[in-house]
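> below: sequence and its predicted model.
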Amino acid sequence: MSFEEEWAQRVANARSDKTSQTRLNSSGDGESASTKKLDVTPSVLRERAGKSENRVAKEFIEAQRSAADKADQVPGSMKGFASDEALREYMTSWHKRVKGMKSDLGAEGLGGALRSAADSFGNEEKGREESFKPARPYKPGDIA
C-alpha cells in the first residue's frame, strides 16, 4: 500500500469516527442544543456572584485550612532534614496563593466580574427596550 492510499484510508477512518464522537450542538446526552435554552438574566448573574463570594471562596478556605494547619506544624520538627526549610518555604508560598484564590473567587475576582456582567447586561437590555419606544406619542396632524 502506498503512502497516499494509507493516508486516504486514515483520513476516511478519522472522519467516520469524528462524526460519531464530536457533537458541538449537544450536551452529549442525546438532546440537541436547540431543545435547551440558556436563560441568563442579571439576577442569575448576581446570584452566581453571591455564591462565588459567600460560598465557594469560604468553602475553599475552610477545605485547605485543615491540611495547611497540619503541614504548618511539620517545619521545625524534622531536625537535620534538608526538606524542613523547603517545606517552610512551600507553606509560605501556599498561604500567599490561598489569599490570591480568595481574591480571585471573591468580590475582586469572579464575583465582581459576574456583577459587572449583570450590570452591563441590564443596561443593554434597558437601552434596547428604550430604543423600541416612540420618542413621543403621535398626535393627529403630526407629519410622520
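Received the coordinates, thanks.
> contacts, neighbours, all on C-alpha from now
Fine.
> which is the next helix or strand following the helix or strand Gln64 falls within?
Element membership of Gln64 [criterion: DSSP states H and E] is helix 57-73. Going down the chain from helix 57-73, the next helix or strand is helix 83-105, by DSSP H and E.
> contacts for that next one?
52-53, 56-58, 60-61, 68, 71-72, 74-78, 109-111 (Cα atoms under 8 Å, 6 or more residues apart in numbering).
> still on that earlier bit, list the buried residues in the helix holding Gln64.
Buried residues in helix 57-73, counted by 16 or more other Cα atoms under 10 Å: Ala57.
> name the SS class of Glu108, please.
Three-state call for Glu108 (DSSP: H, G, I helix; E, B strand; the rest coil): coil.
> around it, how many other residues sit close by?
Glu108: 12 surrounding residues under other Cα atoms under 10 Å.
> same check on Pro137?
The burial count for Pro137: 8, using other Cα under 10 Å.
> surely it forms part of a helix?
No - Pro137 is assigned coil when assessed by three-state DSSP, not a helix.
> just the pLDDT for it.
pLDDT recorded at Pro137 is 74.
> contacts for stretch 45-57, please.
Here stretch 45-57 makes contact (Cα under 8 Å, 6+ apart) with 101-102, 105-107, 110-115, 117-118.
> selection in ChimeraX covering whichever of those are buried, please.
To isolate the buried members of these in ChimeraX, using 16+ other Cα under 10 Å:
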select :102,105,106,107,110,111,112,113,114,115,117,118
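> what's the closest of the contacts of stretch 45-57 to Arg128?
Nearest to Arg128 among these, counting by Cα to Cα, is Ala118 at 15.2 Å.
> isn't the closest one up against Thr41?
Yes - counting by Cα atoms under 8 Å, Thr41 is a contact partner of Ala118 at 7.2 Å.
> and His45, how far from Glu125?
Check again: residue 45 is Leu, not His. Using Cα to Cα, to the nearest Å, we find Leu45 at a distance of 14 Å from Glu125.
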